[in-house]
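Engineer: generate a structure from the sequence data that follows.
(one chain, ligands or ions: 4)
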Amino acid sequence: MSKMVVDCGICYDDYDSKDQVPCIGTCGHTICDRCRLSMTSSRCPHCNRKEAFAVKHVNKQLWDLIQFSNFVFGKNEEKSDVDMKQCSECHQPAKRLRICRDCCLNSGAAPKHLEVEEVSESEAKSICEKIRSQALCGDCIIDGEHFRHKTVNVDTFIDSYYSFLRNEK
Ligand SMILES: [Zn+2]
Ligand SMILES: [Zn+2]
Ligand SMILES: [Zn+2]
Ligand SMILES: [Zn+2]
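Structural biologist: Residues are numbered from 1 along each chain as shown. Ligands and ions are numbered 1, 2, ... in the order given. Got it, this is the predicted structure:
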């Protein structure tokens, strides 16, 4: 068994016992309480289920597991060493960023179809950099126009999109 790394899938912050306790929705998804409170509706940001987070239910089982893991392996001390990235909208530092897959594909920032057989490595890299420059923090995703859109971790998206551009299987 190794140390459990569990963080909120929306803001990517670690859960804590104060304002970021893990809260479970009626759909079974868990987000931190800060994200729950900052949402404009109680829909689940993962699966869109209505009223999923209308009532605060602490995910006690998950919280106990985190406590146990911290007790056995020690608390995450390297938290401040994580190199922070910057949100393109609010310019606040964030541990990890997300990208709106829907807007990226629909706006043409990430073309869905390629006009050429193969995109050169440098072109592919510059498209990926352009996509990266539109990455958003969890707060901006929740509060903004992308709330009902499909958003994904920016690194995961760029990895797979780069392979698509380069025609790699
Ligand atoms: Zn959160
Ligand atoms: Zn859900
Ligand atoms: Zn932001
Ligand atoms: Zn969007």
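Engineer: switch to C-alpha atoms for all contacts and neighbour counts from now on
Structural biologist: Noted.
Engineer: mind splitting this protein into its structural domains?
Structural biologist: Domains of the chain are assigned by automatic domain parsing as 22-81, 85-165.
Engineer: who in this structure is up against ligand 2?
Structural biologist: 27, 29, 44, 46-47 (C-alpha under 5 Å from the ion).
Engineer: ok, C8 touching D16?
Structural biologist: No. Taking contacts as C-alpha atoms under 8 Å, C8 lies outside contact range of D16: 10.2 Å.
Engineer: returning to that earlier point: what's the closest of the domains of the chain to Y12?
Structural biologist: domain 85-165 (6.4 Å; C-alpha to C-alpha).
Engineer: that closest one and ligand 1 in contact?
Structural biologist: No. Domain 85-165 does not reach ligand 1 (C-alpha under 5 Å from the ion); its nearest approach is 7.4 Å.
Engineer: what helices and strands are in contact with the longest helix that the chain contains?
Structural biologist: Determined from DSSP state H, the single longest helix within the chain is helix 60-73. Identification of packing neighbours for helix 60-73 by 3 or more C-alpha pairs under 8 Å, 6 or more residues apart in numbering; DSSP states H and E yields strand 22-24.
Engineer: could you give the separation of the helix or strand following the strand it packs on from the chain centroid?
Structural biologist: Going down the chain from strand 22-24, the next helix or strand is strand 30-32, by DSSP states H and E. How far strand 30-32 lies from its chain's middle: 12 Å, per C-alpha atoms, centre = their mean, to the nearest Å.
Engineer: out of the residues of the chain next to ligand 2, the closest to F157 would be?
Structural biologist: Nearest member of these to F157, counting by C-alpha to C-alpha, is H46, at 16.6 Å.
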